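Colleague: please find the sequence and the predicted model below.
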Amino acid sequence: MEMNKPRLTAFRWVPIPFQGQVRDLPVRWALEEAGIAYEERLIEDDAHKALPYRALNPFGKVPVFEDTGIVLFESGAIVLHIAEKHGVLLPRDPAARARAQSWLIAAFNTVDPEVMSLGDIDHFAAQEDWAKQRRPQVVRQLTDRLRNVAAQLERHDFLAGEFSIADIMMIAVLRGLRHTSIVSEIPFLREYRDRCESRPAFQRALAAQLAPFARTASAA
Ligand SMILES: N[C@@H](CCC(=O)N[C@@H](CS)C(=O)NCC(=O)O)C(=O)O
């Protein structure tokens, strides 16, 4: 039996718009779904930019996941590791499993870039002329992609049929749109988001991410 708990590195505090959408959330969620206890290491200030931390995550970002001799960065790689190591959160059937992995990568590679573009505009450049000009086109492209995701959800409750790490990552990515009504305006996507976010494991993961932010705010 394994004695050491895996360790997740996350932030002690982030600005309010990003609370509830930091990328340790999908990792916590996968661990909660799988019933795996973990330790957390919270970093503060600019410790993630310093050289020792970059040995763990070359980009100086969270999350990092340490699991008996393995050090992982990138939330997608981490949830894949959890799914494969523990035999959870991926369909057993090889075709369905491959499909789930396509959706996992699609969350990162097809949906997230558009979500990030909009986030950059809305959080960091809202008053700039270039941002005002570009925003409608970004919203259009993003909405098109999201309609493609929603089309899949007309026939299935979850992206790969059964709930999987693809859903965990897609929802984590979609949380970058919480400051807009874009997801709520697409009925199948709204219902999917609500179905996923009402899972008790999601609620526990979200509470775990938010807890240190609240402690830090009340100590300030
Ligand atoms: N693709 C990465 C993204 C990691 C990432 O961007 N993390 C952000 C928080 S969500 C971060 O650490 N930002 C701090 C910084 O860039 O200084 C993943 O999914 O793990």
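Modeller: Ah, there it is.
Colleague: count the residues that sit near N109.
Modeller: 10 (other C-beta atoms under 10 Å). (Each C-beta comes from the backbone N, C-alpha and C, glycine too.)
Colleague: residues contacting it?
Modeller: Taking C-beta atoms under 8 Å, 6 or more residues apart in numbering, we find N109 in contact with no residue.
Colleague: just the pLDDT for it.
Modeller: N109 carries a pLDDT value of 97.
Colleague: mind checking the SS state of it?
Modeller: Here N109 is recorded as helix under DSSP: H, G, I helix; E, B strand; the rest coil.
Colleague: any idea how far it is from L206?
Modeller: From N109 over to L206 the distance is 25 Å, taken as C-beta to C-beta, to the nearest Å.
Colleague: tell me the phi and psi of M170?
Modeller: Here is the backbone geometry of M170 (degrees, to the nearest 10): phi -60, psi -40.
Colleague: actually, R41.
Modeller: According to degrees, to the nearest 10, R41 has phi -120, psi 120.
Colleague: what do you get for S184?
Modeller: Phi and psi for S184, reported as degrees, to the nearest 10, are phi -60, psi -20.
Colleague: what sits against it?
Modeller: R190.
Colleague: model confidence score at whichever residue of the chain sits closest to the ligand, please.
Modeller: Closest residue of the chain to the ligand, C-beta to the nearest ligand atom: K61 (3.2 Å). Each residue has a pLDDT score; the one for K61 is 97.
Colleague: over to the one 10 residues further on?
Modeller: Here the pLDDT value assigned to V71 is 97.
Colleague: one more: the one 5 residues further on?
Modeller: We have a pLDDT of 98 for G76.
Colleague: ok, Q209 touching R23?
Modeller: No. Look at Q209 against R23 with C-beta atoms under 8 Å: they stay out of range, at 9.8 Å.
Colleague: now do the helix or strand of the chain with the lowest mean pLDDT: distance to the chain's middle.
Modeller: Among the helical and strand segments of the chain, the one scoring lowest on mean pLDDT, DSSP states H and E is helix 51-54, with a mean of 92. Mean C-alpha position of helix 51-54 versus that of the full chain (C-alpha atoms, centre = their mean, to the nearest Å) differs by 23 Å.
Colleague: so it, near the ligand or not?
Modeller: No. Counting by C-beta under 6 Å from any ligand atom, the ligand is not contacted by helix 51-54; separation bottoms out at 10.3 Å.
Colleague: A10 sits in which helix or strand?
Modeller: In this assignment (DSSP states H and E), A10 forms part of strand 7-11.
Colleague: could I get the contacting residues of Q101?
Modeller: Contacts of Q101 (C-beta under 8 Å, 6+ apart): L80, L90, A166.
Colleague: top of the residues you listed by neighbour count?
Modeller: That'd be A166 among those, by other C-beta under 10 Å, with 26 neighbours.
Colleague: helix, strand or coil for the residue minimising distance to the centre of the chain?
Modeller: By C-alpha atoms, centre = their mean, the chain has its centre lying nearest to A172, at 3.0 Å. Under three-state DSSP, A172 falls in the helix class.
Colleague: report how many residues lie close to the closest residue in space to it that isn't next to it in sequence.
Modeller: In space, and not counting its chain neighbours, A172 is closest to P26: 4.1 Å by C-beta to C-beta, 6 or more residues apart in numbering. Look at P26: counted by other C-beta under 10 Å, it has 27 neighbours.
Colleague: surely P26 is in contact with V79?
Modeller: Yes. At 5.6 Å, P26 and V79 qualify as touching, with contact defined as C-beta under 8 Å.
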